[in-house]
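**Q** Curious how this folds, go ahead:
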Amino acid sequence: MAATGAVKRLVRAPAKAFRKALFPDYEVVLRDIRLAFDSLEAAHQGIADLQVENAALRARLDEAHLRLDEDHGRLDEALPRLTDGLLEERRLNLRIAELTDLVTEVVLPLHDRDIDPQRLQRLAADTL
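**A** Here you go, the predicted structure:
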């Protein structure tokens, strides 16, 4: 083994001189290649991190879609009941307004009603 080390030392110096003469920018290119490999490894690591994050976000999105579908189903079930309740509420409010008008006409004589004609004119036409 010592002989191979000595041979390497003897050959290395002339090979280095020959390489410098043939390819003067060898050291610069070698350094740039190392930087490129380091950059490539960092890029691969970044891609791997993004893939993990993407998988987590996709799982969250799938869960959100499931919850949204469940909520949509519940809303579809509740909508007819709410619509019926709203219509009933409107019908009852109209009935209360009719009864209030009837009581006002029956109980209070026309000249005793506390109705200010100026205020009545200021009201919008759709409220009368």
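**Q** Would you check how far apart residue 63 and residue 72 are?
**A** Here the criterion is CB to CB, to the nearest Å. By it, residue 63 lies 15 Å from residue 72. Backbone N, C-alpha and C define where each C-beta goes, glycine included.
**Q** per-residue pLDDT, residue 11?
**A** pLDDT recorded at residue 11 is 80.
**Q** for residue 93, same thing?
**A** Per-residue confidence (pLDDT) for residue 93: 95.
**Q** Tell me the gap between the host helix or strand of it and the middle of its chain.
**A** Per DSSP states H and E: residue 93 is located in helix 26-107. Taking CA atoms, centre = their mean, to the nearest Å, one finds the center of helix 26-107 at 7 Å from the center of the full chain.
**Q** could you check the distance from residue 69 over to residue 17?
**A** For residue 69, the distance to residue 17 equals 75 Å [CB to CB].
**Q** Next, count neighbours for residue 4.
**A** With neighbours defined by other CB atoms under 10 Å, the count for residue 4 comes to 8.
**Q** could you say what helices and strands the helix or strand containing it packs with?
**A** Taking DSSP H and E as the definition, one finds residue 4 inside helix 2-22. For helix 2-22, the contact count by 3 or more CB pairs under 8 Å, 6 or more residues apart in numbering; DSSP states H and E identifies no helix or strand as a packing neighbour.
**Q** Between helix 26-107 and that helix, find me the angle.
**A** What separates the directions of helix 2-22 and helix 26-107 is an angle of 80 degrees, with axes from the mean of the first three to the mean of the last three CA atoms, to 10 degrees.
**Q** Give me the contact list for helix 2-22.
**A** Where contact means CB atoms under 8 Å, 6 or more residues apart in numbering, the residues beyond helix 2-22 that reach it are residue 26.
**Q** same thing but 10 Å
**A** Surrounding helix 2-22, the residues in contact under the criterion CB atoms under 10 Å, 6 or more residues apart in numbering are 26, 27.
**Q** buried residues in that helix?
**A** Judged by neighbour count (16 or more other CB atoms under 10 Å), helix 2-22 contains no buried residues.
**Q** Quick one: distance of it to the chain centre.
**A** For helix 2-22, the distance to the chain centre is 63 Å (CA atoms, centre = their mean).
**Q** I appreciate the help and will end here.
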